[in-house]
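Visitor: Okay, predicted coordinates and the sequence, questions at the end:
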Amino acid sequence: MKKIINYKKGESGEIILFVIFVVLFLVMFVSLFLSRMLARQAKTAASVANSVKSYYVADTGAENVLYFLATTEGDSEDILRPGMEIALDSSLFDDLSSCSARVSDPGTSTLKIDIIGTRNKISRAIQLFW
């Protein structure tokens with residue numbers, strides 16, 4: 001014996017259409033979530049890369065300060081004074097990078113030289129004690 005099922009016209013199409021919209025909404029939601037997460041990861045990776053470059057800019061500045069101290073005639077205590085800004089060779093850095101060095105006085109027997117390297121608004125510092 002055959003069972004005959006009578007559907008009203010358009011009922012099965014409405015259910016399939018609803019399921020398709022739900023699936024499309026879920027796929028769109030997941031893809032937006034993944035793209036947002038990947039964009040954040042890319043931004044973080046670029047920031048880390050600039051941080052490393054800033055550190056190497058500061059390291060180059062430290063080498064420049066040490067060269068300045070080694071080639072300057074006279075006693076280094078007479079040359080370096082707290083608050084003094086040491087001029088660094090700007091030809092060592094590209095247009096996106098800058099470096100500064102400042103002498104401060106942490107104690108009576110030593111001087112502290114802060115070297116700050118900056119690249120794309122990210123700064124890293126190295127301290128030398130002399």
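Guide: Here it is on my side, so go on. Note that the structure is a prediction, hence the values are computed from the model and not measured. Numbers count the residues shown, from 1 in each chain.
Visitor: Could you pull out the buried residues of stretch 109-127?
Guide: 111, 113, 115, 116, 117, 118, 119, 122, 123, 124, 126 (16 or more other Cβ atoms under 10 Å). (C-beta placed from N, C-alpha, C; glycine too.)
Visitor: what comes into contact with that stretch?
Guide: 47, 50-51, 53-62, 65, 77, 80, 82, 86, 96-106, 128-130 (Cβ atoms under 8 Å, 6 or more residues apart in numbering).
Visitor: how distant is it from the center of its chain?
Guide: 16 Å (Cα atoms, centre = their mean, to the nearest Å).
Visitor: What of stretch 29-36?
Guide: Distance, centroid of stretch 29-36 to centroid of chain: 23 Å (Cα atoms, centre = their mean).
Visitor: again, but for stretch 92-105
Guide: 18 Å.
Visitor: what does that stretch rub up against?
Guide: So stretch 92-105 is in contact with 53-54, 57-58, 60-61, 64-65, 80-86, 88, 90, 111-120, going by Cβ under 8 Å, 6+ apart.
Visitor: Residue 42: which of the buried residues of stretch 109-127 is nearest?
Guide: Taking Cβ to Cβ as the measure, residue 42 sits nearest to residue 122 out of the buried residues of stretch 109-127, at 15.8 Å.
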